[in-house]
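Novice: What follows is a predicted protein model with its sequence.
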Amino acid sequence: MIKLFNEPFKLVMIEDDEGHARLIIKNLERAGVANQIVHVPNGAAALDYFFNDKRRPDQHDKTVILLDLNLPEIDGFEILRRLKADEHTKNIPVIVLTTTDNPKDIDECYALGCNVYMTKPVGYEAFADAIRKLGLMLNVVKVPHNQG
Amino acid sequence: MRGQTTCTRTDWFYPMKLPWAIARKHYYIAVFCLISLAFVTFSFVLYKQYNKVQTHNDFSLYQSQVIDQSRLIVIDLVDMETSVRGFMVTGDEAFLDPYFTAYARLQSGIVNLRNTTYPEVAAREEVNSWLKVIDNYQKLLADQITDVRTRGAGSPSSAALNAQKAQMDELRQMLDQSIARRGVTLRLQSKAAQSQKNNFLTVIVLGNVLMIGILLVGTVTIINLEVANQRFEDAHRRSEERFKTVLNGINDGVFEYNFINDSMYMSPEYKSMLGYDEADIKDDFKATISLIHPDDKDAALATLKAFREGPSALYTNVFRMHHKDGTWRWIMSRAVAQRGDDGRMRSMVGAHTDITDQKNREEELRQLHADMETFTYITSHDLRSPLVNLKGFSRELDMAIAEVSDTLTPYKDSIKPEDWSKIDLNLHRDIPEALTFIGKGVERMDTLTTAILDLSRIGRYVHRYEMVDSRAIIDKCIGAQSFEIQNKGAEVIVHDLPELVTDALALEQVFSNLLDNAVKYLTVERKGRIEIGSQQTARDFVFYIRDNGRGIDAADSGKIFEIFRRARNTSDVRGLGIGMSFVKTTLRKMDGAIWFESAVGVGTTFFVRLPRRNGVNDVPDEANTVLASAAQALPVRKAQQA
């Protein structure tokens, strides 16, 4: 019998711009998101976070990833590719949140297996509004049950 | 070569025209045959004529021979009679000597006459009849001799003499008649012979005239032909030298591919272009094909096949070929078809040009263009990222200041008035002012990066050409701006506009920007009037949008289509100087053009030229998504400016 899974999840935000990270966290909090938010500042740290040697199989249960594409060195596409190729991480929902609205990039992300693609609006009001809406959505998101 | 000369000034160099399309060598053979035939005919006629004259001569000879022989017989007979008469009178045997001599001669004379006249039947019978008479007369003479010998000489009886005389007369008469007849014949004959001789002469003269005539005509024609041919060959050689000089000068390799026997000619330049010597490449088609880059081979052969089977007279193919040094060279192959009388392609003659340098530059340019697009795209995005921070934290600061202000205000009285006035100045004037400037700067920065992004998108925009009613598009643009138009109390007049094959979305953007400008820059000095119309030429459609607005200063004419720049007399109207550079770039992409005529205080007319197109193209789906997002960008941006 499958238990109803209703525990709060952890939000892992991979974002190289400290300012963006702060603004996202602030606006999510304003939208009432009380989940734990882990900020990972670059691609290398993200790979280390998800694929380090000491990880436990259930370490990434109850996790949702917020991913920026334009990261220096290791970019968001590579992280997405690695996440979706690995048995332990492929079921983690990935929300791509980036400035790029190039149709090619959007298609590529969905092809790689991202679950949601959002663009960061440039106007601050629109940006704050988008993050708030994301927060409202996260409030009702259910994450996959660990099967490992 | 023949085909070319007929349409150039060198036409007259071509050899003298011969009827029935006879070639020069055929003409020589014909002249030779004609002369030979004339010669043989002439000889034959001459021979016939000669034979005729010869026959006449033989006949004359025969007649005179017969006459002579007949005379000899008469003389002999007379001699015999005289001799016998003398003997009869004298009885002297000596008188008989002439008789015997004549008698002997007579015998041979008669034999000769018989032999001579033998082929002539009538004459033979005549001679036979003579023989009888001569025989009788001889017997008579012989009897008289015997009689004198037995009875002795004395006066001969008159009877004997009479008989002798009668017989003699008869004989003489017969012979004389025959001689006379033959004489007449001979005279007639010689007359005829004379006329034959005259004919003979005429034939010789005529024959000679004819022969010399033919020879003359033939020789003159041959000389003419040779002269013309020489001239043609000179001209040909000169033109070939020119051709060669040019080819050597531009270093193109000439080839000829013969479809009939599949042979291939390649000039030394053709081979040296690829680093090969004359003997290194076999002169055949397969050897050439094997030098083409494997990736290009199929396409190159397909192009060749299409050319061979198609109606086009010109062939152009571009492919890489293997150089002896191991590199690949880009070759542009151009050729023309050579067709036989039946219209089928016999061969193609053309030249190879090494376009490796151009290709490399082209590739460099393409790469540069791609880099540039990536650059503008990434730059505009990366530039926008910090803007979010600037705006976001300005807003945070704004909220924090408001909180600080709200928190501090209740304690206003417990602060020294001069300190409070400083705090008040900071909280309510300086900080909000600073935040406003930051905000404006960010907004402007945002607009500029967006404009750069939109411009880069025009570059990727794939046009979809279809039949478009330009009137409907203008109406749509007018509709979108009807509020502004009514607001300014302007009048818009639209003349007849054509249907044309073009990209509807791009056309709408162009018209929308032009109409927007026309409305925006109307002047308050007079009632606004905007006129839209079109003209058509064989190749283009030219649209015009004429306003009676403020006009463009001549000094500003260069700025109009430059991005972020505006004319000097527009400061009262909001704008960033982006619209017209979009329009210009969009039209350039559509092979069109834009220009204007203007006078300050009178108005401006913008002209838009679009080429006539026949083809309607299908845009692949992948391109459509780019197109859709790019196309939406412009009107949105424009709306923001307005």
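Specialist: Looks like it arrived, so ask away. Numbering: from 1, shown residues only, chains lettered A, B, ... in the order given.
Novice: what kind of secondary structure is residue 69 in?
Specialist: I went with chain A, as the question did not name one. Of the three states, A:Leu69 takes coil under DSSP: H, G, I helix; E, B strand; the rest coil.
Novice: switch to chain B, that's the one I care about
Specialist: helix.
Novice: how much space between it and chain A?
Specialist: 136 Å (CB to the nearest CB, to the nearest Å). C-betas here are computed from N, CA, C, even on glycine.
Novice: now swap in B:Leu188 and tell me
Specialist: 125 Å.
Novice: Could you count how many residues lie near that residue?
Specialist: 10 (other CB atoms under 10 Å in any protein chain shown).
Novice: quick one, phi/psi of it?
Specialist: Listed backbone geometry of B:Leu188 is phi -60, psi -40, with angles given as degrees, to the nearest 10.
Novice: Poorly predicted segments of the chain, please.
Specialist: Picking chain A for this. A:1-7, A:53, A:55-59, A:122-123, A:145-148 (pLDDT under 70).
Novice: To clarify, I was referring to chain B.
Specialist: For chain B (pLDDT under 70), the answer is B:1-24, B:153-156, B:617-642.
Novice: Next to chain A in this structure, residues from it, please.
Specialist: Residues of chain B lying close to chain A (CB under 8 Å from any CB of the partner chain) are B:377, B:381-382, B:384-389, B:391-396, B:446, B:450, B:625-626, B:629.
Novice: Return a ChimeraX selection command for the buried portion of the residues you listed.
Specialist: Filtering the residues of chain B next to chain A down to the buried ones (16 or more other CB atoms under 10 Å in any protein chain shown) takes a single ChimeraX command:
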select /B:377,381,384,385,387,388,389,391,392,393,394,395,396,446,450,626
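Novice: just checking, which of the residues of chain B next to chain A belong to helices?
Specialist: B:377, B:381-382, B:384-389, B:391-396, B:446, B:450, B:625-626, B:629 (DSSP state H).
Novice: Now do the SS call for B:Leu610.
Specialist: Strictly by three-state DSSP, B:Leu610 counts as strand.
Novice: right, I mislabeled it, should have said B:Thr82
Specialist: B:Thr82 - assigned by three-state DSSP - is helix.
Novice: Could you verify my assumption that it touches B:Leu96?
Specialist: No. With contacts counted by CB atoms under 8 Å, B:Thr82 stays clear of B:Leu96, the gap being 11.0 Å.
Novice: which one of those two has more residues nearby?
Specialist: Of the pair B:Thr82 and B:Leu96, B:Leu96 is the one with more neighbours under other CB under 10 Å, namely 18 against 14.
Novice: and the nearest residue to that one once chain neighbours are set aside, how many neighbours?
Specialist: Nearest non-adjacent residue to B:Leu96, counting by CB to CB, 6 or more residues apart in numbering or on different chains: B:Phe87, 5.0 Å away. Residues near B:Phe87, counting by other CB under 10 Å, number 24.
Novice: For B:Phe87, pull up the helix or strand it's in.
Specialist: When elements are assigned from DSSP states H and E, B:Phe87 belongs to helix B:24-90.
Novice: Contacts for the next helix or strand after that helix, please.
Specialist: Elements were assigned by DSSP H and E; along the chain past helix B:24-90, the next helix or strand is helix B:97-117. Here helix B:97-117 makes contact (CB atoms under 8 Å, 6 or more residues apart in numbering or on different chains) with B:62, B:65-66, B:69-70, B:72-73, B:75-77, B:79-80, B:82-84, B:87, B:123-124, B:126-127, B:130-131, B:134, B:138, B:141, B:145.
Novice: Just the CA atoms of helix B:97-117, as PDB, please.
Specialist: What follows is helix B:97-117, C-alpha atoms only, in PDB (Å, rounded to 0.1, in the frame of the first residue of the first chain):
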ATOM      1  CA  ASP B  97      54.700  -5.800-178.100                       C
ATOM      2  CA  PRO B  98      52.600  -3.000-176.600                       C
ATOM      3  CA  TYR B  99      49.600  -5.300-176.900                       C
ATOM      4  CA  PHE B 100      51.200  -8.000-174.700                       C
ATOM      5  CA  THR B 101      52.500  -5.500-172.200                       C
ATOM      6  CA  ALA B 102      49.000  -3.800-171.900                       C
ATOM      7  CA  TYR B 103      47.300  -7.200-171.800                       C
ATOM      8  CA  ALA B 104      49.500  -8.300-168.900                       C
ATOM      9  CA  ARG B 105      48.800  -5.000-167.200                       C
ATOM     10  CA  LEU B 106      45.100  -5.200-167.900                       C
ATOM     11  CA  GLN B 107      44.900  -8.500-166.100                       C
ATOM     12  CA  SER B 108      46.500  -7.200-162.900                       C
ATOM     13  CA  GLY B 109      44.500  -3.900-163.300                       C
ATOM     14  CA  ILE B 110      41.300  -5.800-163.400                       C
ATOM     15  CA  VAL B 111      42.300  -7.900-160.400                       C
ATOM     16  CA  ASN B 112      43.200  -4.700-158.600                       C
ATOM     17  CA  LEU B 113      39.900  -3.100-159.500                       C
ATOM     18  CA  ARG B 114      38.000  -6.200-158.400                       C
ATOM     19  CA  ASN B 115      39.800  -6.200-155.100                       C
ATOM     20  CA  THR B 116      39.300  -2.600-154.500                       C
ATOM     21  CA  THR B 117      35.600  -2.600-155.400                       C
END
